[in-house]
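Q: model this:
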Amino acid sequence: MADKGGIQLLPETRKRIDVSMPGENRLLHIGYGVIVAVALLFGAAKGMTHSLRGQVETQNASLAKLNQERDKVAEEQLISLGKQSVLINSFLSGHIFWSIALTKIEKALQQQVQFSTLNASLDKHEITFTAQAPSYTIIARQIASLVADDGIKDVQISNAKAVNNGRYEFVVKLIIDDAKYLKP
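A: Okay, here's the model as predicted:
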């Protein structure tokens, strides 16, 4: 042991790592490689996360701008138009057949009977009308001529009453046989 200026140094206890054959420190090199690979993967994942967040923010901003630019009143009108279009389409598809049904009902109509109102429902296959006649006899003849038509399943009469003009008002509900009137 060497004595330097009154201080005695301890013997060296360091061991020197000598690589006498290549590959002896293989586990050490594999460990460094794994650490470097994990660090690279972590960095790549962080970079991709940052990039994707930027893209999401850009898309959110463009959607917010698009939402502000849209015309909500026009959109509501288009939705309403679409609903009306469906209703009109179903009406037009049954138009010819309703015309046939109404023509047959007109032929069965007594001359002295006057319609006040007429309502038709394609879904329920019914026609309801309010009419006036000069007497109960004419009302009875009208009901009989409607019952005689084979395209009418049922005739219901209600509210037959005298009105101020000397005539009799009545309400008739006709259930239509859709196989004969409403379908080709």
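Q: pLDDT score assigned to residue 93?
A: Looking at residue 93, its pLDDT reads 65.
Q: what do you get for residue 165?
A: As predicted, residue 165 sits at a pLDDT of 88.
Q: what's the nearest residue to residue 118 if we skip its chain neighbours?
A: Closest residue in space to residue 118, ignoring its immediate chain neighbours: residue 129 at 4.6 Å, by Cβ to Cβ, 6 or more residues apart in numbering. Yep, even glycine has a C-beta here, placed from its N, CA and C like the rest.
Q: ditto for residue 176
A: Setting aside the residues directly before and after it, residue 176 is nearest to residue 125 in space (Cβ to Cβ, 6+ apart), at 4.7 Å.
Q: Now the one you found, what are its backbone angles?
A: Residue 125 adopts backbone torsions of phi 60, psi 50, taken as degrees, to the nearest 10.
Q: From residue 98, how far off is it?
A: With distances taken as Cβ to Cβ, to the nearest Å, residue 125 is found 11 Å from residue 98.
Q: Residue 161 now?
A: Shown here: residue 161 relative to residue 98, a distance of 29 Å by Cβ to Cβ.
Q: Quick one: distance of whichever strand or helix holds residue 73 to the chain centre.
A: Secondary structure here is read from DSSP states H and E; on that basis residue 73 sits in helix 72-93. With Cα atoms, centre = their mean, to the nearest Å as the basis, the distance from the averaged C-alpha position of helix 72-93 to the chain average is 14 Å.
Q: for whichever helix or strand comes after that helix, packing partners?
A: From helix 72-93 onward toward the C-terminus, using DSSP H and E, the following helix or strand is helix 95-107. With contacts taken as 3 or more Cβ pairs under 8 Å, 6 or more residues apart in numbering; DSSP states H and E, helix 95-107 sits against strand 126-133.
Q: Tell me the secondary structure at residue 161.
A: At residue 161, secondary structure determined by DSSP: H, G, I helix; E, B strand; the rest coil is strand.
Q: what sits opposite it in the beta ladder?
A: Beta-bridge pairing of residue 161 under DSSP bridges involves residue 169.
Q: from memory it sits against residue 169, does it?
A: Yes - using Cβ atoms under 8 Å, residue 161 is in contact with residue 169, at 5.9 Å.
Q: how is this protein carved up into domains?
A: Domain ranges of the chain: 26-63, 97-176, per automatic domain parsing.
Q: got a markdown table for those domains, with distance to residue 80 and mean neighbour count too?
A: Conversion of these to a markdown table gives the following (distance: least, Cβ to Cβ, whole Å; neighbours: other Cβ atoms under 10 Å):
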| stretch | distance to residue 80 | mean neighbour count |
| --- | --- | --- |
| domain 26-63 | 25 | 10 |
| domain 97-176 | 20 | 15 |
